[in-house]
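In: let me see the structure of the following:
(one chain, ligands or ions: 1)
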Amino acid sequence: MTGPDEPAALHATDLGFRYRARGDRALRDCGFTVPRGRITALVGRNGAGKSTLLHLAGGLLRPTHGEIRVLDTTPGTAAARTRVALLTQDRPLYPRFTVADTLRMGGKLNSVWDHPAAERVVREGGIAPTARVGELSPGQRTRVALALALGKRPELLLLDEPLADLDPVVRGEIMATLMTEAAEREVSIVLSSHVLPDLEQTCDWVLLLRAGRVELSEDADALRESHTLVSGHVDQTSALREHTVVHRRTQGRQLTALVRPRGPLRGDWHAERPGLEEILLGHLRSGADSSPGVGSAPGADSTKEAAA
Ligand SMILES: Nc1ncnc2c1ncn2[C@@H]1O[C@H](COP(=O)(O)OP(=O)(O)OP(=O)(O)O)[C@@H](O)[C@H]1O
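Out: Numbers count the residues shown, from 1 in each chain. Next up, the predicted model:
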């Protein structure tokens, strides 16, 4: 947990990025703080800017506007490189190297290197040290890349869709490894993923991007407490007007809505606490919803328009 004097894991101020001088901005007006010691779910629709943000935080790209800080250092500097590990989607590994060679290389390239920890991650996946990287499955390569990242003993681990190639059992194992790292070594983790159920149990901070802007940067429990899932007769829709409706759908005469209430709910609603997965799904869907009164509101910690 971040104390008042402790630098944030990530801190962005008016951050923007364009891949080409005259191209569209992949990120714009991003201002947010991710505290240290959290496992952060970085979510957003395809093209929302998740990889771009992680590449900026990992120092592979430089902002074209504003600033991003990692552990109060500038990404890409020597100070940041020793403390931050980034696992990109392309998992750059040498295919001709064996797994053991790869880990040895990790030891040579990093000033801090925990070889037993890296070996353990590989061993837990049942991967032979003598296997050639080029002959591993994509999921096994992910595990080797993760071993390299964890062997650095980073204070901040940035993972771009680490779960995409993994079967459900391995996904669970990797998430458990990450939770152990976070708990025992106080590693801050930011992981982008489309696999929302895996984030529910693991992540305690949410960073949600929509079309290059930050829509949510919030504590996961605070999100659970601030949202309500309501269902009831469609005739009462106007009673939701005073609240923030993130997303709603109608089936026949039944209305179901994900709401951030601004006070007591009037009307005959069945109300329940949504899980994190439902909250994330509601926010991800909301921009695609054409229902009147359901709009998107840019900006971290901001809310959506009230229902019409
Ligand atoms: N190398 C590149 N050159 C030009 N534009 C790019 C490049 N990489 C990404 N973009 C654009 O930047 C925007 C954000 O892309 P980014 O890959 O960061 O999104 P994402 O949220 O990671 O998407 P996904 O969930 O599909 O991985 C998109 O509009 C994308 O087309």
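In: list the buried residues for the strand or helix carrying residue 146?
Out: Element membership for residue 146, per DSSP states H and E: helix 138-151. By 16 or more other C-beta atoms under 10 Å, the buried positions in helix 138-151 come out as 139-151. Backbone N, C-alpha and C define where each C-beta goes, glycine included.
In: check contacts around residue 193.
Out: By C-beta atoms under 8 Å, 6 or more residues apart in numbering, the contact list for residue 193 reads 41, 42, 43, 161, 162, 163, 164, 199.
In: where do the strands sit along the protein?
Out: Listed in chain order, the strands found in the chain under DSSP state E are 10-18, 25-34, 39-44, 65-70, 84-87, 156-160, 188-192, 205-210, 213-219, 228-233, 244-251, 254-260, 270-272.
In: can you redo these as TSV with mean pLDDT, mean neighbour count and distance to residue 130?
Out: As requested, the strands of the chain are exported to TSV (pLDDT from 0 to 100; neighbours: other C-beta atoms under 10 Å; distance: least, C-beta to C-beta, whole Å):
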stretch	mean pLDDT	mean neighbour count	distance to residue 130
strand 10-18	97	21	38
strand 25-34	97	21	39
strand 39-44	97	25	33
strand 65-70	98	20	36
strand 84-87	94	23	23
strand 156-160	95	25	27
strand 188-192	96	26	30
strand 205-210	97	24	39
strand 213-219	96	22	44
strand 228-233	95	18	52
strand 244-251	93	20	51
strand 254-260	95	20	51
strand 270-272	95	11	53
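In: can you list those in JSON lines and add distance to the ligand?
Out: Shown next, in JSON lines, are the strands of the chain (distance: least, C-beta to the nearest ligand atom, whole Å):
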{"stretch": "strand 10-18", "distance to the ligand": "8"}
{"stretch": "strand 25-34", "distance to the ligand": "3"}
{"stretch": "strand 39-44", "distance to the ligand": "5"}
{"stretch": "strand 65-70", "distance to the ligand": "14"}
{"stretch": "strand 84-87", "distance to the ligand": "13"}
{"stretch": "strand 156-160", "distance to the ligand": "7"}
{"stretch": "strand 188-192", "distance to the ligand": "6"}
{"stretch": "strand 205-210", "distance to the ligand": "6"}
{"stretch": "strand 213-219", "distance to the ligand": "12"}
{"stretch": "strand 228-233", "distance to the ligand": "25"}
{"stretch": "strand 244-251", "distance to the ligand": "19"}
{"stretch": "strand 254-260", "distance to the ligand": "22"}
{"stretch": "strand 270-272", "distance to the ligand": "29"}
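In: kind regards, and thank you for your time.
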